[in-house]
Each structure stands twice: as structure tokens, then as C-alpha cells.
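[1] this is a predicted model, with the sequence first.
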Amino acid sequence: MTVADDRRFVQPSKANMLVSGELGDGLLRQVAEPITSPGMRVPLTIATVPAYYDLAQAENRTLIEWLLPLSDHDLLTRLFRLLRLLPPKPPRSERDVRYLLAEALLDPQVQANFDLVIIDAPPRLTTAHVQAMCASTHLLVPTILDSLSGDAVARYVDQIAIHKLGPEGDARSVICPQISPLGVVCTMVPTAPRDLTGDINLLAQSLAAARLNTQVLPQECFIRHRSLYRESAGNLIAYAATSEAAAHRALRDEVDQLGDHIAPMMGAPGRGWVRT
Amino acid sequence: MISAYARGLELAGAAKPSAHLHSLAKLLGEFPGRTMADLLECDRYIPQEREAPRPPFIDEPTVVDVIPHLEALERILKAGRARAAQTTDLGLLIDLLRRGNGSEIDSRYLSPMLNALRQALAPQKPAKLIREFIDRLRAETGTDQFEKVLSELANSELTKEDLVEVASAVYGRIPKRTSRKAALNYIRKPHDAYMSAKRGIDATGGRSAA
């Protein structure tokens, strides 16, 4: 595949359009790309909305466009009050940037055609991440199992608490009351047998400092560090590879264990979307 | 000192108070290495609630039967210009007996109280002590009291192997060959993890970014 053929380079990226609120009215359903690659199971009922580097620019632009009218509106409101006139209607009353993704996902066409939507977001409160929080029902936090990550995960979960429960003493400032933590799953765990109880205990202690009760998932759900993930990156989804090699089976079993654990917590049916 | 006073009472024909004081002196004599501070520390082991009334036996003394004699001994020591440490210790013992009783002083019998003190002063079996430290460390993780408990643990008579057992319970499995110092480091890790995360969370000031 050449650069010219690679859809990731098409500008603006679909994630860019989604964050900007340009994929409403069922458009998301139409632009979601079915995943088909050689070496992957067919039929694979997964569709993606890929992001590219332009997403970062789109996030900043959307945020600024949202805030600037507010500033103008404040100025106009003061002016109107000074003139003893009725203030103008706020321009963002209908398009709150934080809920653009939720609006797109709640579209009837999307609801009818997708069972499960997985949003992969960085652990920073960027515009896209805030949109993801406002659109999600459940939160799964993957992390590396080390002491530095423990601190970061606790801070992140507390940030989620602020938006789910509101800042302390200000329960009205809630933007995503529906989101429910599934837990923290450790990833890139060394495959060599090692006692992890101490490290897991430290992670749990760090999490205890956050305001939102979040548990570390059982060790059986952890995702090991496997070279297959690295080798598959950019080409196919390792989990959906057709290969029946032992390494591939081990990888699939591992992901299935995580899926089996969290599916009931989400009220989802579990296996069956991809593998039978 | 208390024994001598008890003997004096015995010679004076006061057999019962003498016997009561002898039982108290016997308890103190059983633990020669312990100080008054140890005894006061044991105060928390004495049940504070009023004991259920027991059938009164003629020879069953209550604490109130003993305290006047101890106070008399205190006065004698002061009048005889005894060492300040002696009178202070005796005063502390009187306070301890009084404190164990609260306002229900008449209702408390001496022997159960002495038994409670004896139990508390007796060298504790490592297993019990280990269990107690594990519970306290877990309860105080993330609080200001953790360092105090850890310091108590470090200064306790527990062996290196005992500390490894405590560390395995509060942190996670560690090698049995771990040194005493390293085991103590492992024990404080969960507390440090909590405090570190808490500091990070507090740094954001609970503010919303959205």
C-alpha cells in the first residue's frame, strides 16, 4: 500500500470531523470504515473512525471556537444590560462542544447498526477526551504496572470523579454522571512468571486516594507484553488474525478473558462479535 | 515498696488489705524489666466498660478497697522524703487504677483488673503481635498515625523473619531472605503510594478542566 492509498492520510481525518461535530445526522454510520485486511478473520464486524495527527489541531480549534463566542457573548450581554436591553441568546445553547460526540453516537442510525463503541482516548483532558467522557457509559483504564503509572492513574481517575461527581462541594458542575468505572487493567505485563502482588497492591493503594472507587482488575485480565501486537501494528488487529499459531491463540485467549470479565459489568453479551 | 507496706498492714492485723496489696505487688514483681510507662501503655487493654455485676464474695476486693491504702503509702513516702520517681510512679499507678474504673469505682473488682494488666504486660506471642501490627498498619495507611505504628514496629522485639511476614501481608510476597531494613521499606510502600497519589490529586485542587 502506498501513501496515496492509505486512507489515514486523507484530510481532514474522520476523527477530526467527529470531534468537530461534522458527523451528526447518521453520517458517522456512513463514514465508519469496515476493517478488512489480509490475514484477518472474515467477516469481521468491526468498523473504525481513524484519527490522524490533525486531530490535535481539530481539538484546539473546536475548543477555541466554542470559547470565543462565549467571550463575545459576555461582552454583548454587558453592553445590552448597560443599555437596559434584553441580552442576546447565548450562541452555544444548542452546540455544546463537550457533547458533540455523544450527539453523533446517539443518532438512531448509529444506535441501530453498532452494538458496542470503544473510544480510545489519551489520559489527558483534551477536548476529544472530554467528549469521550460525556459520551461513554463505562470506563476501562489500561496502564503499565509501575510506581509512576500508579500516581498518574490515581490522578486521572480523580479527574474523572470531578466530572462525574462534580468538584467537591459543587455537585451541580457535573458533565458525565453516567460514566461508570469498570476498573484498571494492567497492560504490557512481562510474560515471564513473576509475583505481581506487591506492585498491584501499590497500584490499588494509589487508586484509593482518588474520589471515585475504582478497582484493579484481576491478574487473569492483564494483557501481557507480546511481540505480536508490535508486529501487527498498522497492518491488522492482532486479536482478529486468522493464524492458529500458539502465540496467536494465547493472545486471543488473554483478550477474551478480559472481555469475559468486563462484559457482564457492562450488560454486554460478551463473545460473539468477532469470534465464534 | 508496696510489699513492705503490705507487711506492715499484716503486722498491724489488717490481713485483708494486706492480701490485696500483696496481690498487686506480686503483679508488679512479675515484670521486673517493665517500667511505669509500660503499665500506662497497657491501659488501653483494660476493658473500659463496666463489667457485669458479679456475686460478691467476702474476700473479693474491689479497686476502691486498695486505693486508700496506696494513697496512704504515697503520703508516707512524701512525708519520708522518698525519691520523687517513687512517689510519681505510685501516683501514676493510683491514677491508672482510678481511670480503669471511671465513675463506677465501686463496681470493679481488683482481680479481673490485675489479670487484664498481667495479660497486657506479659510478652506477647509473635503471632498475635504480628497480627496486631498488620491490622494497625492497614488501618493507618494514608493517615498521620502510620509513621508512629511503623516506628513501634521497627523498635519492637519482632525478628527479621517476623518483619518479613508483616511485609508480605501489607505489601505482597517478598523473599524470606529480605533484610530487616528492606522489610521495613516494603512495609511503608503502600502508605507512600497512597500519600504520593494523594499529593498529586491535591495539586490539581479538585478543579474541573471542562
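    It's in.
[2] all contacts plus neighbour counts: C-alpha atoms, from now on.
    OK.
[3] and the residue nearest to residue A:178 when sequence neighbours are not counted, how far from residue A:154?
    Nearest in space to residue A:178, with sequence neighbours left out and distances taken as CA to CA, 6 or more residues apart in numbering or on different chains, is residue A:137 at 5.8 Å. Distance, residue A:137 to residue A:154, using CA to CA, to the nearest Å: 20 Å.
[4] now the helix or strand containing residue B:78: average pLDDT?
    Residue B:78 is located in helix B:63-79, with elements delineated by DSSP states H and E. Averaging pLDDT along helix B:63-79 yields 85.
[5] if we can go back for a sec, show me the contacts for the residue nearest to residue A:178.
    For residue A:137, the set of contacting residues under the criterion of CA atoms under 8 Å, 6 or more residues apart in numbering or on different chains consists of A:178, A:179, A:180.
[6] what residue is smack in the middle of chain A?
    Centroid-nearest residue in chain A: residue A:119, 3.0 Å away (criterion: CA atoms, centre = their mean).
[7] and it, what is it in contact with?
    Taking CA under 8 Å, 6+ apart, we find residue A:119 in contact with residue A:132.
[8] mind listing the helices for chain B?
    In order along the chain, chain B carries the following helices (DSSP state H): B:2-11, B:15-30, B:36-41, B:63-79, B:84-99, B:110-121, B:126-140, B:146-154, B:160-170, B:180-203.
[9] what's the least confident stretch among those?
    helix B:36-41 (a mean of 68).
[10] out of the helices of chain B, nearest to residue A:111?
    Distances from residue A:111 to each of the helices of chain B were compared using CA to CA; the minimum, 36.5 Å, belongs to helix B:180-203.
[11] now the closest one: buried residues?
    Of the residues in helix B:180-203, those buried under the neighbour-count criterion (16 or more other CA atoms under 10 Å in any protein chain shown) are B:180, B:183-184, B:186-198, B:200-201.
[12] and if you look at stretch B:22-34?
    Using 16+ other CA under 10 Å as the burial criterion, the residues of stretch B:22-34 that qualify are B:22, B:23, B:24, B:25, B:27, B:28.
[13] could you count how many residues lie near the closest residue to residue A:20 other than its chain neighbours?
    Residue nearest to residue A:20 in three dimensions, not counting chain neighbours: residue A:62, with 6.0 Å by CA to CA, 6+ apart. Residue A:62: 18 surrounding residues under other CA atoms under 10 Å in any protein chain shown.
[14] touching the helix holding residue B:78 from outside, list them.
    Contacts made with helix B:63-79 from outside it, assessed by CA under 8 Å, 6+ apart, are listed as B:2, B:5, B:17, B:20-21, B:87, B:90-91, B:94, B:97-98, B:105-106, B:108-110.
[15] CA atoms only: put that helix into CSV for me.
    Coordinates of the C-alpha atoms in helix B:63-79 are reproduced here as CSV (Å, rounded to 0.1, in the frame of the first residue of the first chain):
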residue,chain,number,x,y,z
VAL,B,63,-10.3,-1.4,93.5
VAL,B,64,-11.8,1.0,96.0
ASP,B,65,-10.5,-1.2,98.8
VAL,B,66,-7.0,-0.8,97.6
ILE,B,67,-6.7,2.8,96.5
PRO,B,68,-6.9,4.3,100.0
HIS,B,69,-4.0,2.2,101.1
LEU,B,70,-2.0,3.2,98.1
GLU,B,71,-2.8,6.8,98.8
ALA,B,72,-1.7,6.4,102.4
LEU,B,73,1.6,4.8,101.2
GLU,B,74,2.0,7.8,98.9
ARG,B,75,1.6,10.2,101.8
ILE,B,76,4.1,8.2,103.8
LEU,B,77,6.6,8.3,101.0
LYS,B,78,6.2,12.0,100.6
ALA,B,79,6.5,12.6,104.3
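[16] who's in contact with the strand or helix carrying residue A:201?
    Under the criterion DSSP H and E, the helix or strand holding residue A:201 is helix A:197-208. By CA under 8 Å, 6+ apart, the surrounding residues in contact with helix A:197-208 are A:145-147, A:150-151, A:153-154, A:157, A:213-216, B:171-173, B:189-191, B:193-198.
[17] how about stretch B:166-178?
    The list of residues contacting stretch B:166-178 from outside it, by CA under 8 Å, 6+ apart, reads A:195, A:197-199, A:201-202, B:130-131, B:133-134, B:137-138, B:161, B:164, B:183-184, B:186-187, B:189-190.
[18] 6 Å instead, please
    Residues external to stretch B:166-178 that are found in contact with it (CA atoms under 6 Å, 6 or more residues apart in numbering or on different chains): A:197, A:198, B:183, B:186, B:187.
[19] any buried residues in it, and which?
    When neighbours are counted by 16+ other CA under 10 Å, the buried residues of stretch B:166-178 are found to be B:166, B:167, B:168, B:169, B:170, B:171, B:172, B:173, B:174, B:178.
[20] near chain B, which residues of chain A? Just list them.
    Neighbours of chain B within chain A, by CA under 6 Å from any CA of the partner chain: A:151, A:155, A:167, A:197, A:198, A:202, A:205, A:206, A:209.
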